[in-house]
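Asks: Everything below, folded, please.
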Amino acid sequence: MSDGTPSHRSPNPETLVIAHCDGGSRGNPGPAGFGAVLEDQRGAILARLSEYLGKRTNNYAEYSALLAVLAWTLEQGYRRLRVVADSELMVRQMQGRYKVNSPDLRPLWEEARRRAGQLDFFEIQHTLRGGNKLADQLANEAMDRGMGRVPANSPDSASPRPTSPKPAPRSPEPQSTSAKSEALGFVKNGVVHFVEGTLPDGIFVRITRQ
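Replies: Take a look at the predicted model:
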């Protein structure tokens, strides 16, 4: 999947395309995806690539990102490519410094080498994870899509979530401005007679029958 659009001008074969690519898996193997950002030498973005791969390993996802970058570059007519990736294993294998012992990775490595051989110039460099932030973000968004999650930076996630209506505030109960007082008494002929204690003038009292 590509959410970027290439330039409307015919590509210059001499343009050096710089691609940051990354792949990841949640579980290894687990839900996997890749992301890539392709730029020209001035830093103008040519395309963004992102795809969910199903249940795969990290290394499979890394090679899938590289293969997608190579395919896009060839399809668009560019002839020079520099890849920046944070997978030391993949970078060293593509450079011929590490052997490819995994039977799952070897077909991917062979295809990547074949596509790279069709270019006039191909170079692959290793970077730390911090140098691949946007590609890493696109890879995680691909995994989120495949797992049915809304990416953190999507418009849907920015919408306010519905909340339960708050109950209307209760009216405060009338309170006496004086300190609470108690007295013991009885009623005779409709008149309250106090046996113990007194109450100040001007307050209301509640009579409880016992």
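Asks: max-length strand in the protein?
Replies: Longest strand of the chain, by residue count under DSSP state E: strand 45-56.
Asks: Buried ones in that strand, by neighbour count?
Replies: By neighbour count with 16 or more other Cβ atoms under 10 Å, strand 45-56 contains the buried residues Leu46, Ala47, Arg48, Leu49, Ser50, Glu51, Tyr52, Leu53, Arg56. In this view, the C-beta of every residue, glycine as well, is placed from N, C-alpha and C.
Asks: Ok, stretch 69-86 next?
Replies: Those would be 69-70, 72-73, 76, 78-86, for stretch 69-86 by 16+ other Cβ under 10 Å.
Asks: From those, pick the one nearest Phe122.
Replies: Leu81 (5.4 Å; Cβ to Cβ).
Asks: okay, that closest one: pLDDT?
Replies: Leu81 is assigned a predicted lDDT (pLDDT) of 98.
Asks: ok, now Ala36?
Replies: Ala36 is assigned a pLDDT of 98 by the prediction.
Asks: tell me which element it is part of?
Replies: Element membership of Ala36 [criterion: DSSP states H and E] is strand 30-39.
Asks: can you give me the angle that strand makes with strand 45-56?
Replies: Interaxial angle, strand 30-39 versus strand 45-56 (axes from the mean of the first three to the mean of the last three Cα atoms, to 10 degrees): 170 degrees.
Asks: In its sheet, which strands sit next to strand 30-39, and in what direction?
Replies: Note on strand 30-39: by DSSP bridges, its sheet partners are strand 16-25 (antiparallel), strand 45-56 (antiparallel).
Asks: which residue ranges form the strands in this structure?
Replies: Secondary structure of the chain (DSSP E): strands located at 16-25, 30-39, 45-56, 80-85, 121-126, 184-188, 191-196.
Asks: returning to that earlier point: for the strands paired with strand 30-39, which one sits closest to Tyr63?
Replies: Of the strands paired with strand 30-39, nearest to Tyr63 by Cβ to Cβ is strand 16-25, at 7.3 Å.
Asks: Return the residues in contact with Asn12.
Replies: If a contact means Cβ atoms under 8 Å, 6 or more residues apart in numbering, then Asn12 has no contacts.
Asks: how close does it get to Asn59?
Replies: Between Asn12 and Asn59 the distance is 34 Å, computed by Cβ to Cβ, to the nearest Å.
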